[in-house]
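Only the shape, not the letters, is given here:
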């Protein structure tokens, strides 16, 4: 089987790094097309031996990308097309059908109740999503919570398959030597209680709440904020205003895999932490939480379908918190007072092993091939893609 994965961009992000990890475990010959931003994850994929093509999409209304993408699919002689993220799903599914591909799969990574990938779920966004969804054979939801949202939107249940995000358990396994090296790099003494937060620095992630929570905690507490994004300067200003700028460390974007990039990778940073806080109120999966659990960390979170969809005993050190900074600060202090953990991965983390989830995706591919062939569309155009 030869598959083409189409994704909106390849900067450092959850869906992007998830794609790279997945391709390392799929028993399929895979190429990748990125519509925009061939960033660090593109470099990582190329280092892995994956062929990556950037088609140079200029914006949401750049309809010229559609014939370029269609020609690329035809020339590649692909058996299956798999799309990731909203813009790539809208254009990629249509291009695949125009190119005559019979097996088209899409993964819905980031569908929340009120937003998708940070964009507000307007009527136009929803209508365009549903129109393009009908051009595929199967839609993959990364959690049962997302599957239920898709059904409420009107996507037939028979078209939806739940394949959760996966993690490399071995890569996140706690290593005390790695912890020591990373703490030394950032000047973190062993006596510091390091609260970590991981994700793109956008308003929706509510990392400002984590900073304000730190202000309710004694000086021994530090916040290690891992990620990059448009809110970085706003968050730095928040730290200054809260009087904790000297206790907040911004690492910038960090790769999932150490492959020549300067500075520590994400597993090294989780090793340096004592707890992870995830204040985002609306998640489709909650990958950062699951990775933290794989590193043996206790977790305080506002939303995490990956945990909420499992029995409570599978993640005994994960605690859901509602409220604001005082409530999060109290939960962090209580986790510390409970004493240190053995830093082993609980059952919930093992449930999301990447090899297991890659096998599930292969089952989805098989059902996509089994569906009867349908005629390719002749003229639809994604005019509403700017919504």
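Okay, I see it. None of these values were measured; they are calculated from a predicted model. Residues are numbered from 1 along each chain as shown.

How much space separates residue 275 from residue 62?
43 Å (CB to CB, to the nearest Å). Any C-beta I mention is one placed from the backbone N, CA and C, and that applies to glycine too.

Looking at those two, which is more packed in?
Per other CB atoms under 10 Å, whichever of residue 275 and residue 62 has more neighbours is residue 275, with 21 against 18.

Need the phi and psi values for that one.
The phi/psi pair for residue 275 (degrees, to the nearest 10) reads phi -160, psi 150.

what's next to whichever helix in the chain runs longest, contact-wise?
Taking DSSP state H as the criterion, the chain has its longest helix at helix 354-370. Here helix 354-370 makes contact (CB atoms under 8 Å, 6 or more residues apart in numbering) with 1, 3, 21-22, 24-28, 79-80, 102-105, 137-138, 140, 161, 163-169.

chain center to it, what's the gap?
Its chain's C-alpha centre and that of helix 354-370 lie 19 Å apart, by CA atoms, centre = their mean, to the nearest Å.

Quick check: buried residues in that helix?
Neighbour-count burial for helix 354-370, counted by 16 or more other CB atoms under 10 Å, picks out 354, 357-358, 361, 364-365, 368.

Which single one of these is nearest to residue 34?
Nearest to residue 34 among the buried residues of helix 354-370 is residue 361, at 19.8 Å by CB to CB.

From residue 88, how far out is the closest one?
17 Å.

What are the buried residues along stretch 112-131?
For stretch 112-131, the neighbour count (16+ other CB under 10 Å) marks 112, 116-117, 121, 125, 128-129 as buried.

Report the separation between residue 133 and residue 63.
As for residue 133, its distance to residue 63 is 19 Å (criterion: CB to CB).

Helix or strand for residue 195, just tell me which one.
Taking DSSP states H and E as the criterion, residue 195 maps to strand 193-198.

Pull the distance from the helix or strand following that strand to the chain's centre.
Sequence-wise, the next helix or strand downstream of strand 193-198 (DSSP H and E) is helix 207-214. Counting by CA atoms, centre = their mean, helix 207-214 is centred 21 Å from the centre of its parent chain.

quick check: mean pLDDT across helix 207-214?
For helix 207-214, the mean per-residue pLDDT is 98.

before we move on, what about stretch 142-155?
Across stretch 142-155, the per-residue pLDDT values average to 91.

Would you report the backbone torsion angles of residue 139?
Backbone torsions of residue 139, given as degrees, to the nearest 10, read phi -120, psi 120.

Return the distance of it relative to residue 201.
For residue 139, the distance to residue 201 - CB to CB - is 29 Å.

Next: residue 157.
Residue 157 is 36 Å from residue 201, where distance means CB to CB.

The two: who's more crowded?
More crowded of residue 157 and residue 201, by other CB under 10 Å: residue 201, with 23 against 9.

Show the pLDDT at the more buried one.
If you check residue 201, the pLDDT there is 94.

The spatially closest residue to it that is not a sequence neighbour: how many residues sit nearby?
Using CB to CB, 6 or more residues apart in numbering and skipping the chain neighbours, the partner closest in space to residue 201 is residue 229 (3.3 Å). Under the neighbour criterion other CB under 10 Å, residue 229 is assigned a count of 20.

and residue 229, that's in a helix?
No: counting by DSSP: H, G, I helix; E, B strand; the rest coil, residue 229 falls outside a helix, being coil.

list the contacts for it?
Applying CB under 8 Å, 6+ apart to residue 229 gives the contacts 200-202.

Look up how far residue 198 lies from it.
Counting by CB to CB, the gap from residue 229 to residue 198 is 12 Å.

which other helices and strands contact the helix or strand containing residue 73?
If you go by DSSP H and E, residue 73 is part of helix 65-76. Judged by 3 or more CB pairs under 8 Å, 6 or more residues apart in numbering; DSSP states H and E, the packing partners of helix 65-76 are strand 2-7, strand 29-34, helix 86-98.

Out of these, which is the most enclosed?
Scoring those by mean neighbour count under mean count of other CB atoms under 10 Å gives helix 86-98 as the most buried, with a mean of 26.

and it, what does it pack onto?
Where contact means 3+ CB pairs under 8 Å, 6+ apart, helix 86-98 is packed against strand 2-7, helix 65-76, strand 80-84, strand 103-108, helix 123-133.

between the third one and helix 65-76, how big is the angle?
In this case it means strand 80-84. 140 degrees (axes from the mean of the first three to the mean of the last three CA atoms, to 10 degrees).

when you give positions from now on, start the count at 128
Happy to do that; since the first residue is 128 now, the last one works out to strand 207-211.

which ones are touching residue 201?
Contact analysis of residue 201 by CB under 8 Å, 6+ apart lists 226-227.

Next, work out how far apart it and residue 208 are.
11 Å.

what residues are shared contacts of these two?
In contact with both residue 201 and residue 208: residue 226, using CB under 8 Å, 6+ apart.

about what we covered before: just put the helices and strands packed on helix 213-225 in JSON lines and tack on mean pLDDT and distance to residue 375.
Converted to JSON lines, the helices and strands packed on helix 213-225 look like this (pLDDT from 0 to 100; distance: least, CB to CB, whole Å):
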{"stretch": "strand 129-134", "mean pLDDT": "97", "distance to residue 375": "31"}
{"stretch": "helix 192-203", "mean pLDDT": "96", "distance to residue 375": "40"}
{"stretch": "strand 207-211", "mean pLDDT": "97", "distance to residue 375": "32"}
{"stretch": "strand 230-235", "mean pLDDT": "95", "distance to residue 375": "33"}
{"stretch": "helix 250-260", "mean pLDDT": "88", "distance to residue 375": "34"}
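
right, and the ones you listed - which one's nearest residue 441?
That would be strand 230-235 among the helices and strands packed on helix 213-225, by CB to CB, at 23.5 Å.

which outside residues touch that closest one?
Outside of strand 230-235, the residues within contact range by CB under 8 Å, 6+ apart are 142, 206-211, 216, 219-220, 223-224, 260, 262-269, 273, 277, 290, 411, 491-492, 495-496, 498.
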